[in-house]
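Enquirer: predicted coordinates and the sequence they were generated for:
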Amino acid sequence: MTTTTNTHPNDFDGYWQDVLNELAAVPSAPEVEEIPLRSTDFATAYAVRLTSIGPYRLYGYLSIPRGDGRFPARYYLPRYGSVVDLVPQGTANGQRRGHVTFAICVRGQRLADQPYAAAFPGLLTDGIDNPATYVYRGIVADCVRGLEYLASRPEVDTTRIAAIGNDLAFTSAALSAHATHLVCTPAIMYATLDRAQRTGAYPLEEINDYLRLYPDRAEAVQRTLSYYDLRWFASRVNATSLIMAGAAGSALDAEGLGPLTQALSGRTDVHEAEHSGYRDGRHSEEWLSRQFGMPEPSLPPHWRD
């Protein structure tokens, strides 16, 4: 089987405008409740429930520094998974002291898995043979809803809101003007079918599994995934961006992501992975602190010199 994801859908903008219109018609109906166990003397933690399209009820962790003023904000988007990659419950204390932080649980994830509990593996191909039924249509809307809510908080400095994560951070920044900064590690939704054909590793192997079971649906799968390819969102991203590329020689290294980074509208920096969580993490923290005008990066104690 040979397929390609190099096609930009003619109705790409219309498809996503329909999603945004549907989202705008659904009241977010926020419910906010303090979590005393996660609160400290310098920040208050909250559980937040919001409504997205469907309608579907979401869950999020919000942390707000104590004191007056508006604070820069970090919006943490979920990675692919529900248990292995946990949703941050307030993040590091150094970040919580000077930032509003918000982490969203999208539909299917733990704490937002009623009535829909996602399967891993399985989520990536749920409804994938039709763009109207693909589960990621709702998931992307969930992420935009969370960003809208974060920007509505009176404690947030709306000139400093960073979307942080993988593909969903990118699509959120593209579909909402509220993200002024983006820290993104592209993972799945980039030339997805092309890359899946060259790997047996999950989660992309989910695509291969699906097409082995339903080979007649290859064209439909290609069509659906084309609406989610990060390349077609890039021109809509106006945020100042840091793209965390894979290590040199990998499929998503700086060269491999060239078509994506070159299409971004806003100022863009690219960091190629150094096979070190410390080096890569420090780079992104220092970058974001500079962008936010913070006196020093929010590094964990064991990362400090």
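Expert: That came through, no problem.

Enquirer: pull the number of nearby residues for the residue nearest to residue 228 when sequence neighbours are not counted.
Expert: Using C-beta to C-beta, 6 or more residues apart in numbering and skipping the chain neighbours, the partner closest in space to residue 228 is residue 189 (4.6 Å). (Glycine included, C-beta is placed from N, CA and C.) Neighbourhood size, residue 189 [other C-beta atoms under 10 Å]: 23.

Enquirer: in contact with residue 189: list those residues for me.
Expert: 167, 171, 225, 228, 229, 230 (C-beta atoms under 8 Å, 6 or more residues apart in numbering).

Enquirer: could you dump these to CSV with distance to residue 213 and neighbour count?
Expert: Listed next are these as CSV, based on distance: C-beta to C-beta, whole Å; neighbours: other C-beta atoms under 10 Å:
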residue, distance to residue 213, neighbour count
167, 24, 25
171, 27, 26
225, 17, 23
228, 21, 24
229, 23, 22
230, 26, 26
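
Enquirer: in a strand, residue 57, correct?
Expert: Yes - checked against DSSP: H, G, I helix; E, B strand; the rest coil, residue 57 lies within a strand.

Enquirer: for residue 138, see how far away it is.
Expert: Residue 57 is 12 Å from residue 138, where distance means C-beta to C-beta, to the nearest Å.

Enquirer: before we move on, back to that, okay, and which of the contacts of residue 189 map to helices?
Expert: 167, 171, 225, 230 (DSSP state H).

Enquirer: right, and the first one touches residue 174 too?
Expert: No - the pair residue 167 and residue 174 fails to qualify as a contact (C-beta atoms under 8 Å) at a distance of 10.6 Å.

Enquirer: what residues are shared contacts of those two?
Expert: What both residue 167 and residue 174 touch, as defined by C-beta under 8 Å, 6+ apart, is an empty set.

Enquirer: which residues does the lowest-mean-pLDDT helix or strand in the chain contact?
Expert: Each helix and strand of the chain was given a mean pLDDT (mean pLDDT, DSSP states H and E); the minimum falls on helix 93-98 at a mean of 86. Residues outside helix 93-98 that contact it (C-beta under 8 Å, 6+ apart) are 40, 42-43, 63, 65, 71-72, 74, 90, 101, 294, 298-300.

Enquirer: before we move on, the earlier item: who has more neighbours out of residue 57 and residue 138?
Expert: residue 138 (22 against 15).

Enquirer: buried ones in the host helix or strand of the more buried one?
Expert: Here residue 138 sits within helix 135-152, counting by DSSP states H and E. Across helix 135-152, burial judged by 16 or more other C-beta atoms under 10 Å covers 135-151.

Enquirer: what does stretch 53-73 give?
Expert: Applying 16+ other C-beta under 10 Å to stretch 53-73 flags 53, 56, 58-65, 71-73 as buried.

Enquirer: got the end-to-end distance for it?
Expert: End-to-end distance of stretch 53-73 (C-alpha to C-alpha, to the nearest Å): 24 Å.

Enquirer: quick one: mean pLDDT over that stretch.
Expert: Per-residue pLDDT values over stretch 53-73 give a mean of 95.

Enquirer: swap in stretch 33-43?
Expert: 94.

Enquirer: and stretch 127-147, by the same measure?
Expert: 98.
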